[in-house]
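**Student:** Sequence first, then the predicted structure, then my questions.
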Number of protein chains: 2
Amino acid sequence: MRKQTAELIEELKKENIDIYIISDMDDHLSEYTGKHFHALKEFSGFTGGDGKMVVTASGKALLWTDGRYFIQAEEELKGSGIELMRMGEPEVPILNDWVKDNLKAGGTIGFDGKCVSYKYGKAFEALINNNVNGGHIISEDICGRLWKERPAESCTKCWILDERFTGKSASLKLTELRAEMERSGADYHVIASLDDIAWLLNMRADDIPCNPVFSAFMLITKAEARLYIDERHFVDNADKLPGPSADADYLRGIGVDVYPYEQIYDDIKKLDKKVLLDTDRCSYEIVSSVPEGIEIIDQMNPVTKEKCRKNPVETANLRIAQHKDSVALTKFMYWFKKQLGIEAVFDAKGLDKRSNAESGISEWDCVEKLNEYRKEQPGFIEESFSTISAYGANAAMAHYAPSPLPEKTVRIKPHGLYLVDSGGQYPEGTTDVTRTWSCGALTDEERLSFTLTAIANLRLADERFLEGTSGLLIDGAARDVFWRHGLNYNHGTGHGVGFCLNVHEAPVGIRYKAATIDGAYPMLEGMYVSDEPGMYVAGKYGIRTENLLIVKHDYTNEYGRFMSFETMNFCPMDKSCLDISIMEKRDIKLLNAYHKRVYEELKDDMNEEELIWLKNMCSAI
Amino acid sequence: MRKQTAELIEELKKENIDIYIISDMDDHLSEYTGKHFHALKEFSGFTGGDGKMVVTASGKALLWTDGRYFIQAEEELKGSGIELMRMGEPEVPILNDWVKDNLKAGGTIGFDGKCVSYKYGKAFEALINNNVNGGHIISEDICGRLWKERPAESCTKCWILDERFTGKSASLKLTELRAEMERSGADYHVIASLDDIAWLLNMRADDIPCNPVFSAFMLITKAEARLYIDERHFVDNADKLPGPSADADYLRGIGVDVYPYEQIYDDIKKLDKKVLLDTDRCSYEIVSSVPEGIEIIDQMNPVTKEKCRKNPVETANLRIAQHKDSVALTKFMYWFKKQLGIEAVFDAKGLDKRSNAESGISEWDCVEKLNEYRKEQPGFIEESFSTISAYGANAAMAHYAPSPLPEKTVRIKPHGLYLVDSGGQYPEGTTDVTRTWSCGALTDEERLSFTLTAIANLRLADERFLEGTSGLLIDGAARDVFWRHGLNYNHGTGHGVGFCLNVHEAPVGIRYKAATIDGAYPMLEGMYVSDEPGMYVAGKYGIRTENLLIVKHDYTNEYGRFMSFETMNFCPMDKSCLDISIMEKRDIKLLNAYHKRVYEELKDDMNEEELIWLKNMCSAI
């Protein structure tokens, strides 16, 4: 048995905990987490992006993960004594059922309630309550006790995102939030989600890589706004920040008082009136700390609802951020094509006539080169997520990460497809864009898939709809062309994107089914959402074309407020990959219109060589 | 003050009830109700289909209804002393807010908890709980005490719908339901929804006009199935029923015991273990009767989920029912066109060249004639709802009912559009179909709207999708063409339909927004759903084209189970109303394909005269 796991088993015996669950979350339920919260990795050795481990006092250890990580988990768990539970396979029980079947009469289930969602913890409570043999729940960070070299929690410096970027002061946001609390009949409001807090206070930091947030909680009343945070976030020093540093003065100015981070739990225990608390965005520990008898008004955080609709100042700034990012990506595309020795020369029918010279570049070279181009852009802060740079079959893996190690890096060959999904953080907003480019000769199947993806992307961006339409309906505009070919992509078509914040931002979503009403959230003016259909064939290729869209008011008449999309970013789609014969007239018109705009937007930022190439890339088909 | 209202006010004073709410529901929350439950009509004089009245001990009476009924309510409330509260108008508070603002400190709110939904009653509980001045709720049928000539509750004879129609015995349905209870961890299950009970027991009756259900409740355990029902439903007599009469023997045979109707409330009060209970389908009184401390597993009724997916035997029967109904409607269409003196003669471009002779028929004549044709069909039981037969501007009113009174009936003129929305109950299933026909010359606007409606209807029926796709997505296939013209229709595109049961059946729905997750319900194989886009211009015209569709398994591949629709009913769409210039090639192809099928399905059931006409109606454009 892996040493760390064995130690944990001993500790469970001492503590009389029969079954202990290790999650992969932080105490704000963030999508990405700092190393301090990588207990799953420490105690299992598994480094995949999604998993849960169960360890029992009787000496068993089992790790649940899904199909994306089976191969990786098999390798990493080899010799560890930890059993891999392949989620979705017929004979593999779900974690909760395994716990139910293996808990002895009156036994104890443990987990760190700060690092699981309220609903996740509640499911174990229900399991105990429904168990004829009874049992107990213990919420305790047992791993933390044993983990000697645990990295400290991130504590980076907070800075202020100026009102000329955000379009609204933190004071006004707080006033509006209090009006929402009043409407909901709430006396208190607890916020645990980091991007909501950063948005509300117009503050940013760097506590989680690629997510410019800071670890904190908030408790708001009519009179008070308490920020629970490690004060070292405010220590002034010489480091260059993307904005003026935020300090206690700034916070006092907007009516916010600073309290020690861990005090939030004690303060929640003292609540004496109704509290507005979003149980989907708070941990089990937070919600369980509310005293019995105190009514929880369980609604989506008002900030979550407000933040997803970009105001006119934010939208104007996003155009600036997107322009910068589009210049960087398009310059990178030229560099890429040049390295591949491909000169895109089209004959009258739009067919490509290209040389197939050898390429000397690797997936990782591309990551570095693209980063160079982004760093040339004024104000660039950091990547908005780790760039997916994937050649050939690698692009079929949803969470592929190219290796920086020279001996492991994958070289790009002069045929097939290359996919690059990347984005940047700027004070003017967050970007996220995917392109797929030919590296040389393509198969007919690759061409068909590329063309369907382009059609889907263009049609979605051309949607017209009444404000309030569910994102579920919008999805059909993209997916329909795949379904008619008996194909599908196993992910949503679009996710919300933050403003100089998280690249995945709830509750906006364009998908075709939903498990909760949040998944059917209405599309409203100002929402900022990705449009990213794709096609993935394991072992062969992956294709995705992603633009970001803003929901824009088109016109209002007696039937209501009609919306359309504004496409925000500009980079050629690789025409050389198209099978024009399956495109309808409408699709061709949309593609030509997009390329015309790409050329207009970028022509002044290209050098002479790039410009000649860009003109060719953007010519009408 | 209206006499009945004044008596109610006196009674409220005696009983110390400050504010009393009269709803328009029955004790099963049925969409349509029997006269026994028309207290709103009795105490207000208002006969519209949707409303609530508030009466106060201080002598006030106010009636809330929506825009569909403003004109009717104004007339009917004239001189009654009851104030009309026009819902949706800017200065009009919602009912709950008015109650909140007008309840005195410690005051009492009353309503008949048997005739309001659990959530409706709960909202008043919350209002009291959040009220700094406190207050009380009293659930009591005060109207019932005062209403001397109240019609008795309907009690019609129950009959058995044979397994050759239902495809599954009641015993097997009960066994499967118990398996679902087990899966949910429930010991008891209460059902209050009448169509769920009728479906489960393969029994029908006639307690609500057009809805072949019977008033009853059920309480199910692992060992027992109790049916709470007035036993007079089983009295045998000479009346002709659509199937063998259901009696205690039948019920014993499927393991069901009969209990007095009203005993359900007492039995719920005795529950001692977990109960599966759908709070959206049970009254406030039912849910409030569950003893404190007993866990309510609040899930959609398993029967509701199962019943909406028609099995292969039901689907085969539906084809029979639809064939009969299509013959009746198409014969009626011929009769109608003949009365109007219109012979549909098309030139090569599909334009109509028609005489404009005077018509001698009225909206009500049409209702009677269509009924005659339906009655000619073997097995026809009754209409599945009151026929909407509407000429010209009348068709723009969503809930228009033609008057049978000779002096009030509307005569059809030889121009403009006529809309007929109707359906039948057969042992082989339920139908629901709408057609809009020209009566002579049309305006360009009418032609545009008719054509958009036809396009929307045809495109929706041509959808392809993965099983589990939300109905919200499917809606876009129909609505998109309207939105691109800056138009919209203010209703869903489709609703579920029962099998020899209610014409509106939850939870299936095709719509573009949803307030709850039920509204985003997935589309699954076997669902039976309407496809009814339309266009309504107040004071001018109303257009709707409605077919019923079955969700059909198309093929399965590595991407999943692909579905398409089978169109179930056959009656020409009136080509003479089309503006072909706005139809895409695809739309023309779909229309011609549909008409080809209409002709093939119906040709053997037409007489010589009808057949010549039908061939013309179904010729390709």
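**Tutor:** Yep, that arrived. Numbers count the residues shown, from 1 in each chain, chains lettered A, B, ... in the order given.
**Student:** Check what pLDDT A:Val132 gets.
**Tutor:** You'll see A:Val132 listed with a pLDDT of 74.
**Student:** got the CA positions of the helix or strand harbouring A:Ala198 in CSV?
**Tutor:** Per DSSP states H and E: A:Ala198 is located in helix A:194-201. C-alpha atoms of helix A:194-201 as CSV (Å, rounded to 0.1, in the frame of the first residue of the first chain):
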residue,chain,number,x,y,z
LEU,A,194,-14.5,33.3,-5.1
ASP,A,195,-15.4,34.8,-8.5
ASP,A,196,-18.6,36.3,-7.0
ILE,A,197,-16.5,38.0,-4.2
ALA,A,198,-13.9,39.3,-6.6
TRP,A,199,-16.6,40.7,-8.9
LEU,A,200,-18.5,42.3,-6.1
LEU,A,201,-15.5,44.1,-4.6
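**Student:** Name the residues that touch whichever helix or strand comes after that helix?
**Tutor:** Using DSSP H and E, the helix or strand that follows helix A:194-201 in sequence is strand A:203-204. For strand A:203-204, contacts defined as CB atoms under 8 Å, 6 or more residues apart in numbering or on different chains pick out A:158-161, A:170, A:198, A:212-214, A:242-243, A:246, A:250, A:500-501. In this view, the C-beta of every residue, glycine as well, is placed from N, C-alpha and C.
**Student:** can I assume A:Ser215 is in contact with A:Ser30?
**Tutor:** No. Between A:Ser215 and A:Ser30 there is no contact under CB atoms under 8 Å: 9.2 Å.
**Student:** So those two - more neighbours on which side?
**Tutor:** A direct count of neighbours by other CB atoms under 10 Å in any protein chain shown for A:Ser215 and A:Ser30 places A:Ser215 higher, at 24 against 20.
**Student:** Now do the same contact list for the more buried one.
**Tutor:** A:Ser215 neighbours (CB under 8 Å, 6+ apart): A:Asp26, A:Asp27, A:His28, A:Glu153, A:Ser154, A:Cys155, A:Leu194, A:Asp207, A:Ile229, A:Asp230, A:Tyr261.
**Student:** Repeat that for A:Asn202.
**Tutor:** Taking CB under 8 Å, 6+ apart, one finds A:Ile160, A:Leu161, A:Asp162, A:Glu163, A:Thr166, A:Lys168, A:Ser169, A:Ala170, A:Lys173 in contact with A:Asn202.
**Student:** JSON lines please, covering the residues you listed and showing pLDDT.
**Tutor:** Converted to JSON lines, the contacts of A:Asn202 look like this (pLDDT from 0 to 100):
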{"residue": "A:Ile160", "pLDDT": "96"}
{"residue": "A:Leu161", "pLDDT": "98"}
{"residue": "A:Asp162", "pLDDT": "97"}
{"residue": "A:Glu163", "pLDDT": "98"}
{"residue": "A:Thr166", "pLDDT": "98"}
{"residue": "A:Lys168", "pLDDT": "98"}
{"residue": "A:Ser169", "pLDDT": "98"}
{"residue": "A:Ala170", "pLDDT": "98"}
{"residue": "A:Lys173", "pLDDT": "98"}
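**Student:** Restricted to helices, list those residues.
**Tutor:** Among those, DSSP state H puts A:Glu163, A:Thr166, A:Ala170, A:Lys173 in helices.
**Student:** Can you tell me which of those residues is nearest chain B?
**Tutor:** Among these, A:Lys173 lies closest to chain B (CB to the nearest CB), at 26.1 Å.
**Student:** out of the contacts of strand A:203-204, which is most surrounded?
**Tutor:** A:Pro212 (29 neighbours).
**Student:** Wait, that one touches A:Ile381, no?
**Tutor:** Yes. Taking CB under 8 Å as the definition, A:Pro212 is a contact partner of A:Ile381 at 6.8 Å.
**Student:** Now the common contact residues for the two.
**Tutor:** Taking CB under 8 Å, 6+ apart as the contact criterion, the common neighbours of A:Pro212 and A:Ile381 are A:Gln425, A:Cys500.
**Student:** B:Asp187 versus the residue of the stretch 1-150 of chain A found nearest chain B, what's the distance?
**Tutor:** Nearest to chain B in the stretch 1-150 of chain A, going by CB to the nearest CB, is A:Asn130, at a distance of 5.4 Å. Taking CB to CB, to the nearest Å as the measure, A:Asn130 falls 11 Å from B:Asp187.
**Student:** For those two, work out which one has more neighbours and name it.
**Tutor:** Set side by side, A:Asn130 and B:Asp187 show more neighbours around B:Asp187, with 18 against 12, by other CB under 10 Å.
**Student:** how about the nearest residue to that one, chain neighbours excluded?
**Tutor:** Using CB to CB, 6 or more residues apart in numbering or on different chains and skipping the chain neighbours, the partner closest in space to B:Asp187 is B:Lys273 (3.7 Å).
**Student:** who's in contact with the one you found?
**Tutor:** B:Asp187, B:Tyr188, B:Ile294.
**Student:** wait, A:Thr434 sits on A:Glu532?
**Tutor:** Yes. Using CB under 8 Å, A:Thr434 is in contact with A:Glu532, at 6.0 Å.
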